[in-house]
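**Student:** Sequence and predicted model, in that order:
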Amino acid sequence: MTLLNETIKRIESLDTEIMEKARERVNNLIKPPGSLGELEELLIQLAGITKGPFPKVDQKAVIVMAADHGVYEEGIAAYPQEVTAVQTALFAKGVTGVCAFAKQAGADVIPVDIGVKENVLVPGVVNKKIKYGTNNITKGPAMTKEEAIRAIEVGIEIAVEQVKKGKNLLATGEMGIGNTTASAAVVSVIANIDPLEVTGQGANYPQEKLVHKANVIRKAVELNKPNREDGIDILAKVGGLEIGGMAGVMLAGAAYRVPVVVDGFISTAAALIACKIEPKVKHFLISSHLSEEKGAATAAELLGLKPMIHLGLRLGEGSGAVLAFHLIEAASYMNNEMITFEEAGIPI
């Protein structure tokens, strides 16, 4: 837990003085004030994160955490569990959805085996396996507290490694058959609502079976009784290893003042865990898109961040977050490439 505690201690607030300077410049760029809408607020946030009036976000990476879930035994997924291992290997080969978008965005894809049920012995997949999938949450906790902390610390380690390589914009992605079940459990606990309200189809799970899926989650929550104010307890009792890993990436981003782009429902569940551990993390996060997954709007509302993109996405992998890289980089170009009225010699 030493790494986690040290990381939390590093997390400070946004630099409000720099943000005011950035706001003043943005308001005086050669355009009507406010005419570039949320891109202007995004630039000001980036300035506060990086402590610089001209933030750059041109070195990008998406960290894709992969893990399996013991609750798969309860018939909560439409696809076989073996897909997790297959897809994790394909990330390293650059042929999945997030890989396609990452190529367009000029971003690296970092696949991490943090808990896949099988060994993924493929060059390019980072082996940080904690265990071969979580335990079945209808029979007991998903993992021990120590394993939950280790999952978070794996995310911290991977993120710090990328930052030290010069990355100035990170995103979280995931792969794991059954992880919408764990995410719905996390969100239902934090929101203190019935699981059915946030239980969706995930990877095309039949609509008519959603009541069963929600009942599985309800049983897990009632059995494990996670403390809704304790992010680590929630993660350990009903979460997932990849959820913990993504939460660690977010904590590290805040600690090292690098913005982290949150993907869809599962990444948002991880963000909720991270913010339970240290609330200041929220200000270092950028919500990329509103997933079509049923609980996504509730999760985003709980997090208190407004997703930028509404395209009906629900692939996961970090795909929506990587698409948002373009908009985030556009905000920096707006500030770095436009001139002010004063610089143009136009009195206002």
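**Tutor:** Alright, I've got the coordinates.

**Student:** which stretches of the stretch 201-348 of the chain form strands?
**Tutor:** 260-262, 285-287 (DSSP state E, counting those that start in this stretch).

**Student:** quick one, helices of this structure?
**Tutor:** Here the chain has its helices, by DSSP state H, at 2-10, 16-27, 37-50, 82-93, 97-105, 145-164, 179-191, 210-224, 231-238, 241-255, 265-277, 296-303, 319-337.

**Student:** Any idea which of the ones you listed gets closest to residue 347?
**Tutor:** helix 16-27 (15.6 Å; CB to CB). Placement of C-beta: from N, CA and C, glycine included.

**Student:** Now that closest one: buried residues?
**Tutor:** Buried residues in helix 16-27, counted by 16 or more other CB atoms under 10 Å: 18-19, 22-23, 25-26.

**Student:** Ok, stretch 48-57 next?
**Tutor:** For stretch 48-57, burial by neighbour count (16+ other CB under 10 Å) applies to 48-50, 53, 55, 57.

**Student:** just stretch 112-129 next, same as before
**Tutor:** Quick answer for stretch 112-129 (16+ other CB under 10 Å): 112-118, 120, 122, 125-126, 128-129.

**Student:** Please tell me how far residue 218 sits from residue 271.
**Tutor:** With the distance defined as CB to CB, to the nearest Å, residue 218 ends up 23 Å from residue 271.

**Student:** between those two, who's got more neighbours?
**Tutor:** A direct count of neighbours by other CB atoms under 10 Å for residue 218 and residue 271 places residue 271 higher, at 28 against 17.

**Student:** pretty sure the more buried one contacts residue 249?
**Tutor:** No: between residue 271 and residue 249 there is no contact under CB atoms under 8 Å: 10.0 Å.

**Student:** anything in contact with each of the two?
**Tutor:** In terms of CB atoms under 8 Å, 6 or more residues apart in numbering, residue 271 and residue 249 are not both contacted by any residue.

**Student:** so who does the closest residue to residue 288 other than its chain neighbours touch?
**Tutor:** Excluding its sequence neighbours, the residue lying closest to residue 288 (CB to CB, 6 or more residues apart in numbering) is residue 324, at 3.6 Å. By CB under 8 Å, 6+ apart, the residues touching residue 324 are 171, 261, 286, 288-289, 308-309.

**Student:** can you rerun that using 10 Å?
**Tutor:** Residues in contact with residue 324 (CB atoms under 10 Å, 6 or more residues apart in numbering) are 42, 101, 105, 169, 171, 261-263, 286-289, 307-309.

**Student:** out of those, what pair is the most spread apart?
**Tutor:** 42 and 101 (19.1 Å).

**Student:** most neighbours, which of the contacts of residue 324?
**Tutor:** Neighbour max across the contacts of residue 324 (other CB under 10 Å) = residue 171, 34 neighbours.

**Student:** need the contact list for that residue.
**Tutor:** Listed by CB under 10 Å, 6+ apart, the contact partners of residue 171 are 60-64, 98, 102, 105, 107, 109, 246, 249, 253, 259-263, 267, 286, 288, 318-325, 328.

**Student:** for residue 217, same thing?
**Tutor:** Going by CB under 10 Å, 6+ apart, residue 217 touches 71, 74, 76, 137-138, 180-189, 194-196, 198-199, 238.

**Student:** Give me the PyMOL select line for those, limited to the buried ones.
**Tutor:** Only the buried entries of those go into this PyMOL selection, using 16+ other CB under 10 Å:
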select buried, resi 71+74+76+137+138+180+181+182+183+184+185+186+187+188+189+195+196+198+199+238
